[in-house]
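S.K.: return a 3D structure for these sequence lines:
(one chain, ligands or ions: 1)
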Amino acid sequence: MMTLVTGAAGQLGSAFVAALAPAREVVGLARADLDLTDAPAVLARIDALRPGLIVNCAAYNEVDAAETQPLTTLAVNAIAVLTLARAAAEAGAALVHFSTDFVFDGLTSQPYTEDDPPNPQSFYAASKLLGEWLARDAPRHYVLRVESLFGGPRRRSSVDTIVDHLLAGREAPVFVDRTVSPSFVDDVVEATLALVERRAPSGVYHCVNSGHTTWQGLAETAARLLGVEPRLKPVRAADMSFAASRPFYCALSNRHLAEAGVAMPSWEDALGRYLAKRDLR
Ligand SMILES: NC(=O)c1ccc[n+]([C@@H]2O[C@H](COP(=O)([O-])OP(=O)(O)OC[C@H]3O[C@@H](n4cnc5c(N)ncnc54)[C@H](OP(=O)(O)O)[C@@H]3O)[C@@H](O)[C@H]2O)c1
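M.R.: Below is the predicted model:
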């Protein structure tokens, strides 16, 4: 079975291609290869490739800019997903699509399950929720909500920014009032493929490392694992002025993934594994 990865130059997309390439047939397409907002081109390319699995890692992720770029945001995060879902249906392929914790309002103190009602608070978040709904046009679809991704080959994540500060002995600014369940791309890739291989039911799955922490908690753990002094500058997200509103409490529970028999390691374990191999990347 051939796997098509779209958004293949991004943090998660490149991890998928790297993980699949040694053993399986995979085609990774970056934006320069295939613009997903060009529906006729997408339908024609997928018809020609006939993948068994489409993994869509493309997204417009500029959360603040999305507030003033509604058409681009909708075109990539929603309409392109509909195109991919229709192409998947035509090709008889399963569709994996990624969404976000931002679909929730963050006004809670318990990890969100897949059954909790979304309440997006920004244009980006609303576009991602719309993409979740449109993915359902593929008869076999998996919508995986991830958050605070880290571990991609290009080190572009918030975790990498914190680690870079810690290693350089610079004070790292960290949010004390945002609670997250970080997601190591290696674990997301493995769990996604396990879900597909088990032929789990279509639907929405949270796919984060288990447990949760604040960014301050994550930075303290990173400093301990790296054996460096935790020089941190606590910052309150509530005191910042962002164009787009962000949820404060966004721990996610992987309930549906666990019910499908797929376990996610803890975020501490994931962070340790990432830091141990980071210098090799
Ligand atoms: N990063 C996070 O912390 C996070 C949190 C929650 C959810 N997610 C979700 O997880 C998924 C993967 O995120 P990521 O961090 O890997 O994203 P990323 O690094 O920003 O990669 C997204 C990729 O999509 C590509 N893209 C954008 N517009 C496109 C278009 N019109 N046609 C084709 N490709 C296009 C981008 O290409 P260019 O490089 O050319 O722009 C980029 O390579 C996304 O669905 C995202 O919303 C991410």
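S.K.: pLDDT value on L280, please?
M.R.: At L280 the predicted local confidence, pLDDT, stands at 54.
S.K.: how about the residues of this structure by the ligand?
M.R.: Proximity of the chain to the ligand (Cβ under 6 Å from any ligand atom) is limited to residues 7, 9-13, 30-31, 35-37, 57-61, 76, 98, 100, 146-149. Where C-beta positions appear, they are placed from N, C-alpha and C, glycine not excepted.
S.K.: you'd agree K233 is up against V174?
M.R.: Yes - when contacts are counted by Cβ atoms under 8 Å, K233 is listed as touching V174 (7.0 Å).
S.K.: of those two, which one has the most company?
M.R.: The residue with more neighbours, out of K233 and V174, is V174; 23 against 12, by other Cβ atoms under 10 Å.
S.K.: re earlier: and the residues of the chain next to the ligand, which are buried?
M.R.: The neighbour-count test (16 or more other Cβ atoms under 10 Å) applied to those identifies 7, 9-13, 30, 35-37, 57-61, 76, 98, 100, 146-149 as buried.
S.K.: mind checking which of these are in helices?
M.R.: 11-13 (DSSP state H).
S.K.: need phi/psi at whichever residue of the chain sits closest to the ligand.
M.R.: Closest contact between the chain and the ligand, by Cβ to the nearest ligand atom, is at G10 (2.0 Å). For G10, the backbone dihedrals are phi -80, psi -180 (criterion: degrees, to the nearest 10).
S.K.: and what of W215?
M.R.: phi -60, psi -30.
S.K.: who's in contact with it?
M.R.: Neighbour list for W215: 158, 162, 174-176, 178, 180 [criterion: Cβ atoms under 8 Å, 6 or more residues apart in numbering].
S.K.: tell me which two of those sit farthest apart.
M.R.: S158 and V176 (14.2 Å; Cβ to Cβ).
S.K.: would you mind giving the ones in helices among the buried ones among the residues of the chain next to the ligand as CSV with pLDDT added?
M.R.: Listed next are these as CSV, based on pLDDT from 0 to 100:
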residue, pLDDT
Q11, 96
L12, 97
G13, 97
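S.K.: next step: the contacts of W215 restricted to helices.
M.R.: Among the contacts of W215, the members falling in helices (DSSP H) are 158, 162.
S.K.: separate out the buried members of the contacts of W215.
M.R.: Of these, these count as buried by 16+ other Cβ under 10 Å: 158, 162, 174-175, 178, 180.
S.K.: in a markdown table: the residues you listed, plus pLDDT.
M.R.: Formatted as a markdown table, those follow (pLDDT from 0 to 100):
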| residue | pLDDT |
| --- | --- |
| S158 | 96 |
| I162 | 97 |
| V174 | 97 |
| F175 | 97 |
| R178 | 96 |
| V180 | 97 |
